[in-house]
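A.B. asks: could you look at this predicted model? Sequence included:
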Amino acid sequence: MPGFELFGPEEKQEVADVMENGFTFRYNFDHMRNDRWKTREMEQLLCEKMNVKHAHLLSSGTAALQTALAAAGIGAGDEVIVPPFTFVASVEAVFMAGAVPIFAEIDETLCLSPEGIEAAITPRTKAVNLVHMCGSMGKMDEIKAICDKHDLVLLEDACQAIGGTYKGQALGTIGDVGCYSFDSVKTITCGEGGAVITNSDTIYNHTHMFSDHGHDHVGNDRGAEDHPIMGLNFRISELNSAMGLAQLRKLDTIIEIQRKHKKIIKDAMGDIAEVTFRELPDPEGDSAGFLTFMMPTEERTIEINKKLAENGVDGCFYWYINNWHYLNNWKHIQELKSCSALPITLIDDRPDYTKVSVPKSDAIMSKTISMLIKLSWTEEEIAQRIENIKKAFA
């Protein structure tokens, strides 16, 4: 998800503008910043591009997830349905909120399945954390209908999917609240950063307060601001926002390049009989950061993943054995290991995470490989990559 591949003078100029004319703190210091407000500017551009009412930048995608949970009222003892295939932060944030992650099955979209969500709902369920993995979406109509039916908060973890859409609507804006990540290996990057987006005034007000120690941000005197709620410090700096602002202006170009490169490779792999591709509920809305395909058996998947590497096809991920993206390999989560006691340990009837069973997800992920799509490839490099792919399958 390589926004950094398009670093250029635009990013340098925005950062230099802060250093030469502005101030690094996102709030106040009006007399020192010469009307430079990079964070505000990027938030406004996010709202325009995503057609959403509110956007608030934070220090990371993980901070965005934890803030979104708190802002939506998710806390002590609430159950949150999560997928077993995601980046580990999607689950860690739930623990840190004092809530209880409940793992449910995914389907061939690689996202939570409607059936999996339904099966995991209990009287304690408060929210669904729908993760748009590897740049594409789940079955959003059915999932939203389930959340509406059971009065559940639908949180969209779109940290890997900015620029993607579902039936013309930006991923992250379909549910009650959405999150983006802007770290160094996301579609666009602030170096480090994230965002919460929402159409809810209540969630937005909680977001900007919670992420800044409860400050209400009323008036121009930070020392005189009230603190209606408690919060933490998840503020982004103007330097990070400056880089992200330049990157966000390139988002449409990045998505266009990714889709072009992915289509060429996918079309070429369409002739390989044993390959099937990930289900895309809305192919037109795929952000195309990855080309994900399935093999007929786990054994063949392992073999092909090895042969791809041997033939110079880099950037291929066998998530089933990946330490950061699949439940089977999260021993620290299964055993609730942390540097201090977690809130969930106070719940007597908490789940035993060493015994979580998701056989449908295991069957899918054990046969799945995702291939990274790069922006910097030349036509010649793509042609060579296709040749190398076909050698691996020969």
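C.D. replies: Done, it's in.

A.B. asks: burial of T378, as a residue count?
C.D. replies: Residue neighbour count, defined by other CB atoms under 10 Å, stands at 8 for T378. To be clear about C-beta, it is placed using only N, CA and C from the backbone, and glycine gets the same treatment.

A.B. asks: how far away is it from I264?
C.D. replies: T378 sits 12 Å away from I264, going by CB to CB, to the nearest Å.

A.B. asks: likewise for F103?
C.D. replies: Look at F103 and I264: by CB to CB, they are 36 Å apart.

A.B. asks: so between the two, which is more surrounded?
C.D. replies: Higher neighbour count among F103 and I264: F103, with 22 against 17, using other CB under 10 Å.

A.B. asks: give the full set of residues in contact with that one.
C.D. replies: The contact partners of F103, by CB atoms under 8 Å, 6 or more residues apart in numbering, come to 81-84, 120, 327, 356, 358.

A.B. asks: shaky segments in the stretch 151-300 of the chain?
C.D. replies: Along the stretch 151-300 of the chain, no part satisfies pLDDT under 70.

A.B. asks: what does E79 show for phi and psi?
C.D. replies: phi -90, psi 140 (degrees, to the nearest 10).

A.B. asks: distance check, it against M140.
C.D. replies: From E79 over to M140 the distance is 21 Å, taken as CB to CB.

A.B. asks: do the same with I369
C.D. replies: Taken as CB to CB, the span from I369 to M140 is 25 Å.

A.B. asks: what about the strands in this protein?
C.D. replies: Taking DSSP state E to define them, one finds strands in the chain at 54-58, 79-82, 100-103, 125-131, 153-157, 165-166, 169-170, 177-181, 194-198, 276-277, 290-294, 316-317, 368-372.

A.B. asks: how about the residue nearest the centre of the chain: what's its closest non-neighbour residue?
C.D. replies: By CA atoms, centre = their mean, the mean C-alpha position of the chain lies nearest to C159, the distance being 1.7 Å. Distances taken as CB to CB, 6 or more residues apart in numbering place S181 nearest to C159, at 3.5 Å, with adjacent residues excluded.

A.B. asks: show me the contacts for that neighbour.
C.D. replies: Each residue near S181 by CB under 8 Å, 6+ apart is listed here: 60-62, 64, 159-160, 193-194.

A.B. asks: could you measure the residue nearest to the centre of the chain against K360, distance?
C.D. replies: As judged by CB to CB, C159 and K360 stand 24 Å apart.

A.B. asks: mean confidence (pLDDT) on stretch 68-75, please.
C.D. replies: Averaging pLDDT along stretch 68-75 yields 98.

A.B. asks: count the residues that sit near the residue lying closest to N305 once chain neighbours are set aside.
C.D. replies: Using CB to CB, 6+ apart and skipping the chain neighbours, the partner closest in space to N305 is Y318 (4.6 Å). Burial of Y318 is recorded as 20 neighbouring residues (other CB under 10 Å).

A.B. asks: check contacts around Y318.
C.D. replies: Counted by CB under 8 Å, 6+ apart, Y318 has contacts 301-302, 305, 368-369.

A.B. asks: may I ask which of these has the most neighbours?
C.D. replies: The most crowded member of the contacts of Y318, judged by other CB under 10 Å, is T368 (24 neighbours).

A.B. asks: what sits against that residue?
C.D. replies: T368 touches 110, 278, 292-294, 301, 318-320, counting by CB under 8 Å, 6+ apart.

A.B. asks: show the contacting residues for L46.
C.D. replies: 52, 55, 57, 180, 195, 197, 248.

A.B. asks: how many neighbours does the second one have?
C.D. replies: Right, the one you point to is A55. A55 is flanked by 24 other residues according to other CB under 10 Å.

A.B. asks: list the buried residues for the lengthiest helix in the chain?
C.D. replies: For the chain, the helix that runs over the most residues, judged by DSSP state H, is helix 251-269. For helix 251-269, the neighbour count (16 or more other CB atoms under 10 Å) marks 251, 254-255, 257-259, 261-262, 264-266, 268-269 as buried.

A.B. asks: again, but for stretch 355-370
C.D. replies: So, applying 16+ other CB under 10 Å, buried residues of stretch 355-370: 356, 358, 360-362, 364-370.

A.B. asks: cool, and stretch 324-343?
C.D. replies: Quick answer for stretch 324-343 (16+ other CB under 10 Å): 325-330, 333, 336.

A.B. asks: what do you get for stretch 44-61?
C.D. replies: 45-46, 49-50, 52, 54-61.
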